[in-house]
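# dropping a prediction and its sequence here:
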Amino acid sequence: MLRLCCIIIALMTIPSLSQAGGDSQRARTLGKSGFSLYKAGDYTGALAQFKEANALRPNPTLDVNIGKCHEQLGQLQEALLHCKIALNAHSAPPPVREAARQCIDRIQPKLTRPRLKVESTPDGGTVRIDGQEVGKTPWSGEVSAGRRQIDIDLSGYRPFSRSKVAALGQTYRVVGSLIPSSVGALLTVTSVPDGATVSLDGSFVGATPLRRHPVEARSYNIEIAKEGFVSQVVSTGLADGSHLERTFILVNAKSEKDAYRQSWPGWTLVGIGVAAATLGTYFGVRALLDRSEAQDLAITNGSREDKPKYDRALEDMHQNQLTADLLFVSGGLTLTGGILALTWD
């Protein structure tokens, strides 16, 4: 859409600059060059061309094009300025005024002041922005762009501080979980499924979901237990003023045992398959040795006395080769079946 508007405006630039004199001709050439660069995505080059043309022959159409280049380059203040100049120009034709108005409507919302929404648990905390008191949580309001320091104070709770880089036209939400001054830390434990018992260093403290449980700031062994599920124990440390949140996924104990029991047939088939393949390799080697012996007898000695040895070597070779083939096929099938049994789930 931006490029289409620029094409229309660029075409309008040509007749508006077609006055006699070298400046008009130069401005017309620069306008065409700027349009080509804008269409190619070279907004910096196009901006330079449009500005030089506008310096030679000021024109509201060129101001709109300059504004569009600034917009593409993220220079919103400069873009808004040139689009307003074009809108207020007495010589601007209706299409140029409309393009300037659309430019302003796109850019103006992006230049509004940032907005902050500050909440706390519990509510009622005093909110200070950069040290200036602005109200109580929940609070919302506009702030200056840039890095802002947000502080929340509530009697009986530790102070909460957070910094936020606020950009123009954006809304930010800050939520402070206030920790009581009388406790060292807070512990939240959840589990899937719910209803598991929670013990700290062997002492029962509640059942899941256990939320914002006050504890001393030190290391703990957290044990999660539920009938029919595998218990879990983790060691963790809680720093002063911290809020630790942990979620445990409980494993069904029966399912774990069943999974172990169901896996042994697969492993058995895998073992048989490997053994068969190993035995097939042995008979394959024997067949190769028998073949080599038969070839040696056929090449080095042609006496009738060695004919029975030659026939026996050929017979042994065929038997060993057949046995090896059967073992390889059966071993491969058995191994495949074992792998499928193990990976079926």
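Sure, I can see it. Numbering: from 1, shown residues only.
# for Ser91, give me its contacts.
Each residue near Ser91 by C-beta atoms under 8 Å, 6 or more residues apart in numbering is listed here: 59-60. C-betas here are computed from N, CA, C, even on glycine.
# tell me the SS of it?
Assigned by DSSP: H, G, I helix; E, B strand; the rest coil, the conformation of Ser91 is coil.
# flag the shaky bits of the stretch 151-300 of the chain, pLDDT-wise.
For the stretch 151-300 of the chain, the stretches with pLDDT under 70 are 183, 254-262, 300.
# now do the helices in it.
For the stretch 151-300 of the chain, the helices defined by DSSP state H, counting those that start in this stretch occupy 253-300.
# now for the residue nearest to Ser191 when sequence neighbours are not counted, how many residues are close by?
Nearest non-adjacent residue to Ser191, counting by C-beta to C-beta, 6 or more residues apart in numbering: Thr208, 4.1 Å away. Neighbourhood size, Thr208 [other C-beta atoms under 10 Å]: 22.
# Thr208 touches Thr188, doesn't it?
No - counting by C-beta atoms under 8 Å, Thr208 stays clear of Thr188, with 9.7 Å between them.
# contact partners for the spatially closest residue to Asp201 that is not a sequence neighbour?
Spatial nearest neighbour of Asp201, chain neighbours left out: Asn221 (5.4 Å); criterion: C-beta to C-beta, 6+ apart. Contacts for Asn221 (C-beta under 8 Å, 6+ apart) come out as 200-202, 233-235.
# make it 6 Å
Taking C-beta atoms under 6 Å, 6 or more residues apart in numbering as the criterion, Asn221 is in contact with 201, 233, 235.
# looking at the residues you listed, which is nearest Asp316?
Val233 (63.3 Å; C-beta to C-beta).
# what distance do you get for the closest one to Ala225?
9 Å (C-beta to C-beta, to the nearest Å).
# over to Thr190?
15 Å.
# got it, and Pro109?
In terms of C-beta to C-beta, Pro109 sits 55 Å off from Ala225.
# and those two? which has more neighbours close in?
Taking other C-beta under 10 Å, Pro109 and Ala225 do not tie; Ala225 has more neighbours (16 against 9).
# for the nearest residue to the more buried one once chain neighbours are set aside, the count of nearby residues, please.
Leaving aside its chain neighbours, Ala225 sits nearest to Ser231 (4.4 Å; criterion: C-beta to C-beta, 6+ apart). Ser231: 15 surrounding residues under other C-beta under 10 Å.
# what does Gly22 give?
Neighbour tally, Gly22, other C-beta under 10 Å: 8.
# same check on Tyr157?
With other C-beta under 10 Å as criterion, Tyr157 counts 20.
# correct me if wrong: it contacts Ser182.
No - taking contacts as C-beta atoms under 6 Å, Tyr157 lies outside contact range of Ser182: 9.4 Å.
# quick one, domains of the chain?
Listed domain ranges for the chain are 2-110, 115-177, 185-249, 255-343 (source: automatic domain parsing).
# could you say which of the ones you listed is packed most deeply?
domain 2-110 (a mean of 18; mean count of other C-beta atoms under 10 Å).
# mind checking pLDDT for Pro114?
On pLDDT, Pro114 comes in at 88.
# cool, and Pro15?
At Pro15, the model reports a pLDDT of 46.
# what's the answer for the one 5 residues further on, then?
According to the per-residue confidence, Ala20 scores 43 in pLDDT.
# distance of the nearest residue to Arg97 once chain neighbours are set aside relative to Thr61?
Nearest in space to Arg97, with sequence neighbours left out and distances taken as C-beta to C-beta, 6+ apart, is Leu87 at 5.8 Å. Distance from Leu87 to Thr61, counting by C-beta to C-beta: 12 Å.
# likewise Leu80?
Taking C-beta to C-beta as the measure, Leu80 and Thr61 are separated by 17 Å.
# what of Tyr282?
91 Å.
# which residues of the chain fall in strands?
For the chain, applying DSSP state E gives strands covering 115-121, 126-129, 132-136, 139-142, 146-153, 160-166, 171-177, 185-192, 197-200, 203-207, 210-215, 219-225, 232-237, 243-249.
# how far out from the middle of the chain is the second one?
Read it as strand 126-129. 33 Å (C-alpha atoms, centre = their mean, to the nearest Å).
# tell me the average confidence for that strand?
96.
# only alpha carbons, please: show it as PDB.
Taking Å, rounded to 0.1, in the frame of the first residue of the first chain, the C-alpha atoms of strand 126-129 are listed here in PDB:
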ATOM      1  CA  THR A 126       2.300   2.200  47.100                       C
ATOM      2  CA  VAL A 127       3.600   2.600  43.500                       C
ATOM      3  CA  ARG A 128       6.600   4.900  42.800                       C
ATOM      4  CA  ILE A 129       7.900   5.500  39.300                       C
END
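# what's in contact with that strand?
118, 134-135, 137, 139, 143, 148, 151-153.
# change it to 8 Å
Defining contact as C-beta under 8 Å, 6+ apart, one finds that strand 126-129 is touched by 116, 118, 133-137, 139, 143, 148-154.
# out of those, what pair is the most spread apart?
Applying C-beta to C-beta across these, the maximum distance is between Val143 and Leu154, 20.9 Å.
# how close does the residue nearest to Ala225 get to Leu116?
For Ser231, the distance to Leu116 - C-beta to C-beta - is 45 Å.
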